[in-house]
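Enquirer: quick one: sequence and predicted model below, then my questions.
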Amino acid sequence: MTSGDVRLVEWHPDLESATIDLLARAFSTNPIHIAAFGVESVVACNRDFFRAGLSLFRGRRLVAMDGPRVIGFAHWAESPHCRIPAGQRLRLVPVMLRSFGLRPTLRVGAWLSAWGKNDPPGAHWHFGPIGVAPEAQRKGVGRRLMDAYCGTLDERGSVGFLETDKPENVSFYRKWGFAVTTQATVIGATTYFMTRPKKPSSVHSQGTFQPTRQ
């Protein structure tokens, strides 16, 4: 497989199960997921975590397809729609308690609260999650998804924002003009909060990537 073989398409509900499985595996080595769920439970808990989260994403959702297989996913949303309303967060609590138990639920709550407090106050497009299947990593899939996101930023003349808890991802995001604005220890794992400034207006006319539709 090469990145040229991969199609980016708009996410749709028929892809839900495959997307959840992809994200559960893609985030199984992330420090903050391990801190929340534990090494032995992280994949199973990730499935419940992303099953709940996927229904709450209110922005753009793209999947990378290699033939019939979902091998990548990315989501971004314009502020303030990137923030989960308080009522929806409360409705998630009993779901998480049933899925994770008390202690992991408390850790997830502390994690999401800490991340939410670091959202930029001004207008921006919030990126994440982005996940690539472990067997498809380092083959240009993540680059394709990042190009699509940054195309939106450039067309809209908008600020980009994202979080990562993997130090090696910081250098990856820097290739698209992101810089660490702050970092914090969240449930024992370091999170890097990164921002990409607006591009000059002369860039905006280039247009954005348009994925195919299934």
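Expert: The structure has been received and is ready for your questions.
Enquirer: can you say which helix or strand has the most centrally placed residue in the chain in it?
Expert: Using Cα atoms, centre = their mean, the residue of the chain that lies closest to the mean C-alpha position is residue 129, 0.8 Å off. Assigned by DSSP states H and E, residue 129 falls within strand 125-132.
Enquirer: what strands flank the helix or strand harbouring residue 192, and is each parallel or antiparallel?
Expert: Assessed by DSSP H and E, residue 192 sits inside strand 189-196. Sheet pairing here is set by DSSP bridges, and for strand 189-196 it gives strand 160-164 (antiparallel), strand 179-186 (antiparallel).
Enquirer: now the longest one, how far from the chain's geometric center?
Expert: This points to strand 179-186. Distance of strand 179-186 from the chain centroid (Cα atoms, centre = their mean, to the nearest Å) equals 16 Å.
Enquirer: buried residues in that strand?
Expert: Judged by neighbour count (16 or more other Cβ atoms under 10 Å), strand 179-186 contains these buried residues: 183, 186. All C-beta spots, glycine's among them, are computed from the backbone N, C-alpha and C.
Enquirer: shaky segments in this structure?
Expert: 1-4, 85-87, 201-214 (pLDDT under 70).
Enquirer: which one's the longest strand in the chain?
Expert: What stands out as the longest strand in the chain, according to DSSP state E, is strand 69-78.
Enquirer: what is that strand packed up against?
Expert: With contacts taken as 3 or more Cβ pairs under 8 Å, 6 or more residues apart in numbering; DSSP states H and E, strand 69-78 sits against helix 16-26, strand 60-66, strand 125-132, helix 141-156.
Enquirer: chain center to the second one, what's the gap?
Expert: Strand 60-66 sits 12 Å away from the centroid of its parent chain (Cα atoms, centre = their mean).
Enquirer: report all helices and strands that that strand contacts.
Expert: Using 3+ Cβ pairs under 8 Å, 6+ apart, strand 60-66 sits against strand 7-10, strand 69-78, helix 141-156.
Enquirer: no further questions, thank you.
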